[in-house]
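Student: Next comes the sequence, and after it the predicted model I'd like to discuss.
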Amino acid sequence: AQSVAQPEDQVNVAEGNPLTVKCTYSVSGNPYLFWYVQYPNRGLQFLLKYITGDNLVKGSYGFEAEFNKSQTSFHLKKPSALVSDSALYFCAVRDDSGGGADGLTFGKGTHLIIQP
Amino acid sequence: ETGVTQTPRHLVMGMTNKKSLKCEQHLGHNAMYWYKQSAKKPLELMFVYNFKEQTENNSVPSRFSPECPNSSHLFLHLHTLQPEDSALYLCASSLSRGRGGELFFGEGSRLTVL
């Protein structure tokens, strides 16, 4: 079984400050990890993913995430937050076993609020 | 059009109605998914299709009936729903070669059951 935990329902950050949205995971094999963003009344947009290789992954809109195997974490980060980053963020995982068409397991989401 | 398109975007139905949600992807993918998004709950995977064949059904009640006539189209047929079925229903697609492929989501169909 696989699972994702996003321990914070909401994260508040001042504009221009660095932001971190936390994610921890549990899988039986090796993880494939993903971050998505959802704006109000919209679908989920893909931000970035970790498959293998460099633990620091860079994605869309200046976001990056760091894979930490020992802590089973994949925290989303951005050096300088924008008000337009305010949205709902989802972490997701899939393990590396089985076929290729399994769905992703998502966390419950974290509301990111950037204050001007 | 590109990406994943869902229709209708909004649907209101009574508990005795029959309606359908439609999803179409223009990405050349071969796997398609239905997810349910309810307030304050994680996204719930409902169904998975790979090359038109259903590969996953996560104990979804029979009042939800999926149909995948080809790799580009996915339907969710709805009948005798309950008010607790009100939610945002999200369709997604992906390439099924390898397990590192991300899912591409549509904008969702907001369903309200009266």
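Tutor: That came through, no problem.
Student: What residues does chain B have near chain A?
Tutor: B:4, B:6, B:30-31, B:33, B:35, B:40-43, B:45, B:48-50, B:55-56, B:90, B:92, B:94-108, B:110 (C-beta under 8 Å from any C-beta of the partner chain). Heads up, the C-betas are built off the backbone N, CA and C, glycines and all.
Student: Go through those residues and flag which are in helices.
Tutor: Among these, none falls in helices (DSSP state H).
Student: Filter those down to the buried ones.
Tutor: Neighbour-count burial (16 or more other C-beta atoms under 10 Å in any protein chain shown) applied to the residues of chain B next to chain A gives B:4, B:6, B:30-31, B:33, B:35, B:42-43, B:45, B:48-50, B:56, B:90, B:92, B:94-96, B:99-108, B:110.
Student: Which residue lies nearest the spatial centre of chain B?
Tutor: For chain B, the residue whose C-alpha lies nearest the mean C-alpha position (C-alpha atoms, centre = their mean) is residue B:34; its distance is 3.0 Å.
Student: Contacts for the helix or strand of chain B with the lowest mean pLDDT next, please.
Tutor: One helix or strand of chain B scores below all others by mean pLDDT, DSSP states H and E: strand B:53-57, with a mean of 84. Residues outside strand B:53-57 that contact it (C-beta atoms under 8 Å, 6 or more residues apart in numbering or on different chains) are A:99, A:101-103, B:45-49, B:66, B:68.
Student: again with stretch A:17-32
Tutor: Contacts of stretch A:17-32 (C-beta under 8 Å, 6+ apart): A:1-8, A:11, A:13, A:33, A:35, A:49-51, A:71-81, A:85, A:89, A:91, A:93-97, A:107, A:110, A:112, A:114, B:99-100.
Student: Which of the contacts of strand B:53-57 sits closest to residue B:79?
Tutor: residue B:66 (12.6 Å; C-beta to C-beta).
Student: Please give me every residue in contact with the closest one.
Tutor: Contacts of residue B:66 (C-beta under 8 Å, 6+ apart): B:34, B:46-47, B:49, B:54, B:74-77.
Student: Residue 78: how many residues sit nearby?
Tutor: As the question left the chain open, I've gone with chain A. Residues lying near residue A:78 (other C-beta atoms under 10 Å in any protein chain shown) number 21.
Student: nope, chain B
Tutor: 21.
Student: Over to it: give its phi and psi.
Tutor: phi -120, psi 130 (degrees, to the nearest 10).
Student: and the closest residue to it other than its chain neighbours, what element?
Tutor: Using C-beta to C-beta, 6 or more residues apart in numbering or on different chains and skipping residues adjacent in sequence, the residue nearest residue B:78 is residue B:19, 5.0 Å away. Using DSSP states H and E, the element containing residue B:19 is strand B:18-25.
Student: Would you mind checking the average pLDDT for that strand?
Tutor: The predicted model assigns strand B:18-25 a mean pLDDT of 96.
Student: Not counting that strand itself, show me its contacts.
Tutor: Taking C-beta under 8 Å, 6+ apart as the rule, strand B:18-25 contacts B:3-8, B:11, B:13, B:32, B:34, B:72-79, B:89, B:91, B:93, B:104, B:106, B:109, B:111.
Student: Selection in PyMOL covering whichever of the residues you listed are buried, please.
Tutor: Remark: buried members of those, expressed as a PyMOL selection using 16+ other C-beta under 10 Å:
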select buried, chain B and resi 4+6+11+13+32+34+72+74+75+76+78+89+91+93+104+106+109+111
